[in-house]
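1. Fold the following.
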Amino acid sequence: METITTNRKELKKLLRETFVDVLTNRRDLIEDAVLEAIEDVGLARAMQAVRRGYYVDTKKFVRRLEAKAKPQRTK
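-> Numbers count the residues shown, from 1 in each chain. Predicted structure coming up:
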C-alpha cells in the first residue's frame with residue numbers, strides 16, 4: 001500500500017465532494033440513518049415514560065412510531 005500525502009485544503013475538498021456524492025447518489029443511506037435515529041428517540045421517550053410510571057400499549061406505540069417514520073411524499 002502506498003502513502004498519499006495531501007494538504008488540509010485538498011482533503012476538505014475531497015471530503016465535501018464525497019459527502020455531496022453520498023447525498024445525491026445514496027439517499028437510501030441517509031434515509032436509513034434518519035429512520036434509525038427517529039426509532040431511537042421514540043424508544044428513549046418510551047423508556048423515560050415507563051420510569052415515570054406511564055405505560056403505553058405496545059401496538060399503539062408501534063403504530064405512532066411507524067406513522068412518524070414514514071417518508072413524506074412529494075407532489
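2. lowest-pLDDT helix or strand in this structure?
-> Least confident helix or strand of the chain, by mean pLDDT, DSSP states H and E, is helix 58-69 with a mean of 85.
3. Sticking with the residue positioned nearest the centre of the chain, tell me its helix or strand.
-> With distances taken as C-alpha atoms, centre = their mean, residue 34 lies nearest the centre of the chain, 2.0 Å away. Assigned by DSSP states H and E, residue 34 belongs to helix 27-51.
4. show me where pLDDT drops low in this protein?
-> 71-75 (pLDDT under 70).
5. Go again with 90.
-> 1-6, 19, 22-24, 26-35, 42-43, 45-58, 60-75 (pLDDT under 90).
6. Could I get the phi/psi values of the residue sitting furthest away from the middle of it?
-> Farthest-out residue of the chain from its mean C-alpha position, per C-alpha atoms, centre = their mean: residue 2, at 34.6 Å. Reported as degrees, to the nearest 10, the phi and psi values for residue 2 are phi -100, psi 150.
7. Can you give me the neighbour number for residue 44?
-> Per other C-beta atoms under 10 Å, the neighbour tally for residue 44 reads 10. Every C-beta, even on glycine, is put in place using the N, C-alpha and C of the backbone.
8. do you know how far it is from residue 57?
-> Distance, residue 44 to residue 57, by C-beta to C-beta, to the nearest Å: 18 Å.
9. repeat for residue 50
-> Taken as C-beta to C-beta, the span from residue 50 to residue 57 is 13 Å.
10. higher neighbour count, the two?
-> When residue 50 and residue 57 are compared on other C-beta under 10 Å, the one with more neighbours turns out to be residue 50, at 11 against 8.
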